[in-house]
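1. Let's see this in three dimensions:
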Amino acid sequence: MYAAEAEYLAAGGPGRASFALLAPYFSPEVVLHQAAALPYGGTWRGHDGMARFFLAMSEAWEVFDITRQEFLATGETAVVHSDIRARARATGRTLDFPILQTLTVRGGRIAEVRPFYWDTAAIAAACGAGRGR
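-> Model prediction:
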């Protein structure tokens with residue numbers, strides 16, 4: 001999925017590339033839970049929700065690169081530790097931060113994603129939260 005995500009973003013990402021590049025990796029009933037404090041916070045459901053999430057992410061971040069990843073999987077659960085280097089559109093600030101995601105996989109497809117951020121306040125600030133956007 002992460003390789004397909006990189007291909008999707010390289011092809012122009014939301015609004016330019018087809019979500020069909022990512023769809024095979026996600027259950028049609030996928031649920032993504034993002035921290036409410038983030039500019040793209042909330043619960044995103046289904047393929048349509050995931051497509052809208054990627055659009056919201058691209059509105060927040062000009063650059064969002066995964067610099068390192070580690071994976072641990074057992075049964076239906078995978079844990080992914082990613083180090084991110086991102087540049088916010090609203091402020092131009094560059095930020096390095098880790099994300100830990102739990103993924104629930106059913107029938108070979110991602111059914112649920114729960115990302116955990118170490119510092120949501122720093123991410124929201126970098127994205128210009130509270131600037132009257």
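2. buried sites along stretch 111-128?
-> Within stretch 111-128, the residues scored as buried using 16 or more other C-beta atoms under 10 Å are 111-113, 115, 117, 120, 123-128. The way it works is simple: take the backbone N, C-alpha and C, and place the C-beta from them, glycine included.
3. same question, stretch 63-79
-> Buried residues in stretch 63-79 (16+ other C-beta under 10 Å): 64, 78.
4. Touching that stretch from outside, list them.
-> Stretch 63-79 has contacts (C-beta atoms under 8 Å, 6 or more residues apart in numbering) with 2, 6, 9, 57, 80-87, 94, 96, 100-106.
5. What subset of these is buried?
-> Looks like these have 9, 57, 80, 82, 84, 86, 101, 103-105 buried, using 16+ other C-beta under 10 Å.
6. just checking, which of the residues you listed belong to strands?
-> In strands, judged by DSSP state E, the following of the buried ones among the contacts of stretch 63-79 are found: 80, 82, 84, 86, 101, 103-105.
7. right, and the helix or strand after the longest helix along the chain?
-> As assigned by DSSP state H, the longest helix anywhere in the chain is helix 46-60. Remark: after helix 46-60, the chain's next helix or strand is strand 61-74, criterion DSSP states H and E.
8. Just give me how far that next one sits from the chain centre.
-> Here the centre of strand 61-74 is set off from its chain's centre by 9 Å, with C-alpha atoms, centre = their mean, to the nearest Å.
9. again with stretch 94-104
-> Here stretch 94-104 is found 8 Å from its chain centre; the criterion is C-alpha atoms, centre = their mean.
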